[in-house]
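J.: just need the structure, nothing else, for what follows:
(2 chains)
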Amino acid sequence: MAGTETISSTFIEYAIFIVLLPMLAFPIILFLGHIFNGNQKWVKSAKEGGLIALPIMVASFVLSMLLIAEFIGTGTGSHHIGDWLSFGWMSADGMTINEKVFGVGIYIDHVTVMLLFVASFLCMLINIFSIGYMNTDPINDNRNHRFYAEFVLFCSGMLGMVLADSFLWLFIFWELMGLCSYLLIGFYYEKPSAAYAAKKAFLTTRVGDVFLVIGLVMLWNLFDSLDYAVVFNEDLIAQVDPGQLQLALGMMFIGAVGKSAQFPLHVWLPDAMEGPTPVSALIHAATMVNAGLYLVARMFPFFGAPGMHGELVDLAFIIAAIGGITAVMAAAIAFVQDDLKKVLAYSTMSQLAYIFTGLGAALWLANSLDWHTDDKAHAIVVVAFGAALFHLFNHAMAKGMLFMASGSVIHEMHHAHHDMHHHDDHGDDHHDDHDDDHFDAQSMENMGGLASKMPITATAMLVGSASIMGLPLIGGFWSKEGIIANAWRVALEDPRFFLPAACVLIGAAMTGFYMSRMWLKTFAGKPKTEVAANVHENTPWIPIPLVTLTFVSLSSVILAGMMFTHWAGEPNGGYAFFGEKGLLKGLIYEFEHVFANSDAFFFVLTYVAIFIGAIVGPGLAMALYGGSLKDGEKAKPWMQPIINLSSRVNAKRGFDNSAWANSGLSNALKERLYFDKWYDAAMLKLVAGFANVSAAFDRKVVDGTIKTIESTSQKLSTQVRRLTTGSARDYIMMAALGVLVIYLLLGVMV
Amino acid sequence: MNIDYLSLLVVLPILASIFLLILTSRLNGFARAKFDAPVRMAALIISLAMFMLTTLMFLGQIGDVGWSNIAFNTFEFQESYVWIEQLGITWTVGVDGLSFPMVWLTTLLMPITIIATWNEKSGATYFPLMLMLGGALIGVFVALDMFMFYVFWELTLIPMFFMILKWGGKDRKYAAQKFFIYTFTASVVMLLGLLTMYFLMDTQTFNMQEMVVQASGANANGVWLGLEVQKVLFIMLMLGFLVKLPAAPFHTWLPDAHVQAPTGGSMMLAGVMLKMGAYGMFRLPISLFPHALEEFRFIVMMIGLVSLVWGAIVCLGQTNLKKMVAYSSVSHMGVILLGIASMQPLGWAAALFMMFAHGIISPMLFAVCGAFKHHYHSMEIGAMRGMAKHSPWLATSMMFGWMASLGLPLLAGFVAELMLMVAYWHAYGWWIIFPGLVLAITAAYYLWSMQRTIFEGGEATQPPESLHGDPVPDIDNSEKIAMLLLAAFTVLFGIMPWIFLDMMDMWTRSAMAFLGLGGA
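T.: Down below sits the predicted model:
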């Protein structure tokens, strides 16, 4: 990449411990848990492994921060640890055999730095949350060690994927995460739905992974290597056939589609909500779904290389188009979800799609503009790429918080329900209290009016929702504007991009609607059930990550002022708090750029996006779902005005919702646009049917032919028939006789 | 003092086995039962000693061999004795980068199999047979004399035949018979090929090393024995090895043999015996007839591809756990043929590493199947659900084995699959769609079976009827030890594949250079 500095570092040699510590904690927690399961000390002091995992994750985080401090905005670095596989490779002319190597090592640049912070920071916070969430629910008793063991392995997979110095090791850790997500989604293995969801997640992502593998071997064939140090070399890229490279990258992109749950491989993600809520936070915010984005972001050097100028725009369009389609589709399905976590799941899908669109636009720009020599083009490309990565950051923080907040709500709903129904009749906790009388603690139909009862959670949810919606000045606003603007910037050049550009613009309004709907249904209005009226917020540990992330999301404006998009978009992009390029200057620049763009088109576009995302969407949601709290209850002062407003808007609404609720489109959305049904039917009827026929064919025809030959020969020759007596002694005799005959034969011949 | 360690590895277990069999055969049933425990202990000690020996050989404590520098057609620990002088038949042993991993694998699996089937009934006969099987298998791998090779090749059938016949399931007679006739017929074809080759040679010899030298000398200036003859001989030899492998369409003996065989028999059968076929291909037809291989490479590839895809699809249609695992072996053995047909050193190394990795993983799969049958008295997928609840050890072992078999990274199987994919794309381009498809199908059948065994149910699940109301047991300690060991080695060779891959790599590189193969 242009002007990349390679810097020497001290911490990079220890970076491997960021991955190794959690990986080694996996067997330790599992082993200790196996031995001490049920022991009071293990439950109380070690939190069944939670307090073993926490210091490990803190250590990983601290090490990550030391590494980030060295590399942030300064350049790239790599550390070769060793050769993993070395092998012979026949040259094309068949004359010489060369030695080739798959190595292993650490690679750090701006993308790594960003992802490393997101992963290590969120993993640590989710660990804190888990101690509050998992260890206070009787259903998890005596198996939390399994949760923490799988949790640390998962974190290890994510951190390893981010730090790897080659596409091969990226893939290896990618698969490790796939395994952990399978185990964690199926954590409540006794529930058939969890078993089904785990299988579905693994198989769907596996389909993508197959293409990823094919893409990787194609890439290997082009470069004779998968190391970043080699494949990102601009001179080598210039020698490669662009068509082949585009195909290889396209195959790899299908892998990213599976992992990041994009259309048409998106079906696994909503079902993955069967796992415990910390797992949802882990998979949907911090880690697994970001893996696909990371893979696409890693392709940037191919698109940015001068030798590929204008050759890869088709792939950039496909990436953006898949993103655009998914953004609208997922947002639409989120309209009708009543399950709190499912709304968040579809929201995740939709927001990831935004990032894909942003990346697609950035890759298009990098591939088409002459950004190596032209300063203006350079700034456009860097900011476009940085905006997509910034959205990844904002979304991860906000969505991690939202999932943990939803976990907090569900947890307290459970406890309230448990207290009300099990208080008198029996003192002992039953494991099956999740199932009895079918109370759904996740359904928003059972909630309402929680704002006054759960102030911390409600605030976190409010800030998180605002960040996702892109309300001006909060969190995701800064990055979302960038994505929409850049999609349109490309659309002005390449008309194909009108599809994704229009999608992300419409999606902004849809996001405003479904996020507001979720918040209002949960926290505003009157409690819809007796349980919701008796909720209290009193579980330890849970507020820590919520409060932390609330402040992170709110302080996104500072990151924007620190020119986040610049140093996230370029290895030596530079950042500063003070001085020439200090915070104040940066803020003024950002505000000017966003709110007073000199280009008339982008000026209008920004205000249109703000208008529909922050006013139209939420306004509709308020009209439909708004309402005041129960008389005499008051939320915190920063939430009460919103609730009052929603109640006023709701009172004035002039349209009836029932026609829409019963429409065909609504039903189709409730059925998730039938994708799951079709896929299941195809698996059951086509694949399973074909397999059964094949199995029968193998038994009857393939084996049958052999049997026929055998029985025919038996009929033909009584001699043979007599020999196959089934008696072991006869067979030994035959074998011995055979050897003897050969022996004699040889003797005669020689 | 110069000890012939390789001959010791072959002769010791076989002699011990014969001694133990004769010793106990004179006793009546009741007295013999008393001998079960001491015989079992003796078998374990002998097999552990063999494992120690091969491990020390590998570590350089015995013999001080630079394992990763053994070139093609040079052998270590080579010893030769005259056996039948008039015919020029000798007892010649030696190991190289191709055979040593297999020898080590055999000595590793013998004690593990003995431990895994610690409570097998009629142990006084069973464990000696296990020793004999191990000795015969090592004999196949170390033999450098064609006659000796064939003798041990046939000898492996005998203990396996009795194991299926005596300790097998209810259709054991049919399965044993099928197993014997099938593979015996194939090896007769192979034998005819070997003899024809012998008589056509310029200087008649049974020594494989000399044969390779002779063949390569002639191949360098033309085609040894003429291309047509090479082709015919290649087909005859390959036929014997393909049945053993087994490759489609000659694979149907395997599911029957596996389903009926006792656990220990299945573990050795899948772990080492199948690899005899692949080993034989490399040792004889490929080393002797490189021109024929180049002629037939596409057909070899197609046979491998059909085995791979067909095996996987049929797996998906199985309801019997052990049958599914057996068909997955067919599928995985197809990979070896694809590796051979890629004509890249990397592809050959992938084939060799697949032999090794599958040799560690598949015994674990069959140990799991055996434990399933042992404890639940049923082999049907779905007969026992919610294993994670009441049999966490078996559930964990199963998940580990299944994941290793479907090619999860950092486990041994992945290394072979990765190498194969790279070599295969290079050689055959878009045909890679089919192995890719199999990656997905493999995941599908394994996950499908786990969903119906490990997951679901829990407390709500009733134990299967076959348990007759008894409490549901988890695996016992001997099975736990065996599975832990196999899992540990799977991880070890997944993270550090170079332990054996280096010598395989050297072998394949020097073999391709020596044979003058390569080029598209």
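J.: which element is residue 238 on?
T.: You didn't pick a chain, so chain A it is. Counting by DSSP states H and E, the element that carries A:A238 is helix A:234-239.
J.: switch to chain B, that's the one I care about
T.: Here B:M238 is assigned to helix B:227-244, by DSSP H and E.
J.: number of residues surrounding residue 353?
T.: Going with chain A. 30 (other Cβ atoms under 10 Å in any protein chain shown). Where you see a C-beta, it was placed from the backbone N, CA and C, and this is true even at glycine.
J.: wrong one, I was asking about chain B
T.: 31.
J.: residue contacts, the closest residue to it other than its chain neighbours?
T.: Spatial nearest neighbour of B:F353, excluding adjacent residues (Cβ to Cβ, 6 or more residues apart in numbering or on different chains): B:A416 at 4.4 Å. Neighbour list for B:A416: B:V335, B:A350, B:A351, B:F353, B:M354, B:F356, B:A357, B:H358 [criterion: Cβ atoms under 8 Å, 6 or more residues apart in numbering or on different chains].
J.: for residue 332, what are its contacts?
T.: Using chain A. By Cβ under 8 Å, 6+ apart, the contact set of A:A332 is A:M510, A:L669.
J.: my bad, the chain I had in mind was chain B
T.: B:L308, B:G311, B:M354, B:H358, B:S362, B:S405, B:G413.
J.: can you lay out the residues you listed as CSV showing neighbour count and distance to chain A?
T.: Listed next are those as CSV, based on neighbours: other Cβ atoms under 10 Å in any protein chain shown; distance: Cβ to the nearest Cβ, whole Å:
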residue, neighbour count, distance to chain A
B:L308, 27, 14
B:G311, 27, 9
B:M354, 26, 14
B:H358, 28, 18
B:S362, 31, 19
B:S405, 25, 13
B:G413, 26, 12
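J.: would you confirm that A:L554 contacts A:L471?
T.: No - counting by Cβ atoms under 8 Å, A:L554 stays clear of A:L471, with 11.3 Å between them.
J.: before we move on, back to that, and the residue nearest to B:F353, which helix or strand is it part of?
T.: Here B:A416 is assigned to helix B:412-428, by DSSP H and E.
J.: off-centre distance for that helix?
T.: Put simply, helix B:412-428 sits 20 Å off its chain's centre (Cα atoms, centre = their mean, to the nearest Å).
J.: likewise stretch A:224-235?
T.: 26 Å.
J.: restrict it to CA atoms and write it as CSV.
T.: The C-alpha trace of stretch A:224-235 is given here as CSV (Å, rounded to 0.1, in the frame of the first residue of the first chain):
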residue,chain,number,x,y,z
ASP,A,224,2.5,-19.8,-4.6
SER,A,225,1.8,-18.5,-1.2
LEU,A,226,-0.9,-17.4,1.2
ASP,A,227,1.2,-15.1,3.4
TYR,A,228,0.1,-11.5,3.4
ALA,A,229,3.7,-10.5,3.0
VAL,A,230,3.7,-12.1,-0.4
VAL,A,231,0.2,-11.8,-1.7
PHE,A,232,0.0,-8.1,-0.9
ASN,A,233,3.1,-7.4,-2.8
GLU,A,234,2.1,-4.9,-5.5
ASP,A,235,4.7,-6.2,-8.0
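J.: buried residues in it?
T.: A:S225, A:L226, A:D227, A:Y228, A:A229, A:V231, A:F232, A:N233, A:E234 (16 or more other Cβ atoms under 10 Å in any protein chain shown).
J.: so, low pLDDT: which residues of the chain?
T.: If you meant another chain, say so; for now it's chain A. A:1-9, A:286, A:422-438, A:574-581, A:654-657, A:659, A:713-734, A:736, A:739-740, A:742-750 (pLDDT under 70).
J.: um, chain B though
T.: Low-confidence segments of chain B, defined by pLDDT under 70: B:1, B:457-471, B:518-520.
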